[in-house]
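Q: based on what follows, work out the 3D shape:
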Amino acid sequence: MSRVILVLGFVLIMAHYSDAMPQSLNSVQCCFKFFEGRIPTQLIQKVKKINSHCTVQGFIVTMANRSSICVRKNPW
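A: Numbers count the residues shown, from 1 in each chain. The predicted model follows:
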C-alpha cells in the first residue's frame, strides 16, 4: 500500500511541475466586429479561418499593409 501512495505522489509531483500546458482560450482569435464591404483581392495577403470555438464563424483577412480585418462566413 505504501508503494502505491509513493508512486501516486511522484505522479502528482511530475504533473504539477510539468511544462505541458493545455491550450488556453487566450490564444484563440475571435472576431466581434466584422467588415461589411468588399475587399479588393490585390490587397489580400493571407486568409485564416476563425477558430471553431468562437461564437460567430468567419475569416481573418490580413492585408498587404499588415492590418487585419474580420469578415463573416456568410455575409448575406
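Q: pull out the buried positions in stretch 42-58.
A: 50, 58 (16 or more other CB atoms under 10 Å). (Each C-beta comes from the backbone N, C-alpha and C, glycine too.)
Q: tell me which stretches of this structure form helices.
A: Using DSSP state H, the helices assigned to the chain run over residues 2-16.
Q: please pull out the lowest mean pLDDT helix or strand from it.
A: helix 2-16 (a mean of 70; mean pLDDT, DSSP states H and E).
Q: quick one: the residue lying closest to residue 42 once chain neighbours are set aside from residue 40, how far?
A: Once flanking residues are discounted, residue 42 sits nearest to residue 64: 7.9 Å by CB to CB, 6 or more residues apart in numbering. Distance of residue 64 to residue 40, given as CB to CB, to the nearest Å: 10 Å.
Q: and residue 72, by the same measure?
A: Look at residue 72 and residue 40: by CB to CB, they are 18 Å apart.
Q: the two: who's more crowded?
A: Set side by side, residue 72 and residue 40 show more neighbours around residue 72, with 15 against 8, by other CB atoms under 10 Å.
Q: which residues touch residue 69?
A: 35, 39, 60-61, 63 (CB atoms under 8 Å, 6 or more residues apart in numbering).
Q: make a ChimeraX selection of the buried ones in those residues.
A: Those of the contacts of residue 69 that count as buried under 16+ other CB under 10 Å are selected in ChimeraX with:
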select :60,61
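Q: of the contacts of residue 69, closest to residue 29?
A: Nearest to residue 29, judged by CB to CB, of the contacts of residue 69 is residue 60 at 6.3 Å.
Q: want to throw the contacts of residue 69 into TSV with pLDDT and distance to residue 2?
A: What follows is those, written out as TSV (pLDDT from 0 to 100; distance: CB to CB, whole Å):
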residue	pLDDT	distance to residue 2
35	90	64
39	87	67
60	92	55
61	92	61
63	90	64
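Q: check the contacts of residue 69 and tell me the two furthest apart.
A: Greatest spatial distance in the contacts of residue 69: 39 and 60, 12.0 Å, computed using CB to CB.
Q: look up how far residue 55 lies from residue 48.
A: 17 Å.
Q: this completes my enquiry, with thanks.
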